[in-house]
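*Asks:* okay, here's the prediction I keep looking at, along with the sequence it came from:
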Amino acid sequence: MQEQKINFSDNSNFPKSKPGEALFGIQRTYVKQLSSELLDAPEIFRVMDDWDPSIKLFIDVNNRTLPNQYSYEVVLDINISVVNKEDKPFFNCKVSFGSIFTIGGMEPHEVDNMLNIICPSIMFPYVREIVDSLLNRSSLPPLMLAPVNFEEYYRQKKAKADLQKDSSATNVSTEEVERLRAELAELKSKQKAQTTTSDTGDDKKSDNNKLKAELEALKAVRNKKKK
């Protein structure tokens, strides 16, 4: 049987996208950066019977378009700190895990969702296995990290980016914009709520006036942004 060599430098070995047909595939996965640190060894092993750690987890997802058609690189960065009951870290690790995906035949917003939600969701189990392997080599029990909701992560990331844009465009602090939006959401919720017997006419009038004032403030912020 003749050996078949696949060239991963391009996506010529993958099926071509037909009109109206979506194309998705993984070309390869790889570890870009990996490091771990075991603190307080070997003293840490004396308290292994009382193994009840807390985990501090930081996640970041980035992507870029590659020169080859339909090719994208997605990088999932995960920093983990395992701490004891006194909130003192005794194991740290950093994993930068990359993958090259073939994505075609989709609308721009669909590609965006694939790169920021679907792709990292596919990559996460690989990273979880790497982390548990590092723990095993450090003579520590595995963590078996819980699945990450990358859809919610991406929603929060976009919301934060929008706040930063508003802040830089209007010279208003990010905290002030966030406070304004939070209060607006609360006031709108109160206005939509059913009237209760404890509500007085003065209370409703006060809330409506405050809502109107906050709306005007938000409009002023947006008007500055447009200018």
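*Replies:* Structure's in. What do you need? Residues are numbered from 1 along each chain as shown.

*Asks:* and the nearest residue to Val148 once chain neighbours are set aside, how far from Leu34?
*Replies:* Leaving aside its chain neighbours, Val148 sits nearest to Phe124 (5.7 Å; criterion: C-beta to C-beta, 6 or more residues apart in numbering). Where you see a C-beta, it was placed from the backbone N, CA and C, and this is true even at glycine. Distance of Phe124 to Leu34, computed by C-beta to C-beta, to the nearest Å: 16 Å.

*Asks:* the more surrounded of those two?
*Replies:* Ranked by neighbour count (other C-beta atoms under 10 Å), Phe124 and Leu34 place Phe124 first, with 19 against 13.

*Asks:* ranges for the helices of this structure?
*Replies:* For the chain, applying DSSP state H gives helices covering 108-113, 119-137, 150-170, 174-192, 201-226.

*Asks:* hey, least reliable of those by pLDDT?
*Replies:* Per-stretch mean pLDDT for the helices of the chain is lowest at helix 201-226 (a mean of 60).

*Asks:* who's the residue lying closest to Ile55 once chain neighbours are set aside bridged to?
*Replies:* Nearest residue to Ile55, sequence neighbours excluded (C-beta to C-beta, 6+ apart): Val82, at 5.9 Å. Val82 forms beta bridges with Ile55, Phe91, as assigned by DSSP bridges.

*Asks:* re the thing from before, touching, the residue nearest to Val148 and Pro147? I think so.
*Replies:* Yes. With contact defined as C-beta atoms under 8 Å, Phe124 reaches Pro147; the gap is 6.9 Å.

*Asks:* who's in contact with the nearest residue to Met106 once chain neighbours are set aside?
*Replies:* Distances taken as C-beta to C-beta, 6+ apart put Ala22 closest to Met106, at 5.4 Å, once the chain neighbours are dropped. By C-beta atoms under 8 Å, 6 or more residues apart in numbering, the contact list for Ala22 reads 104-106, 110.
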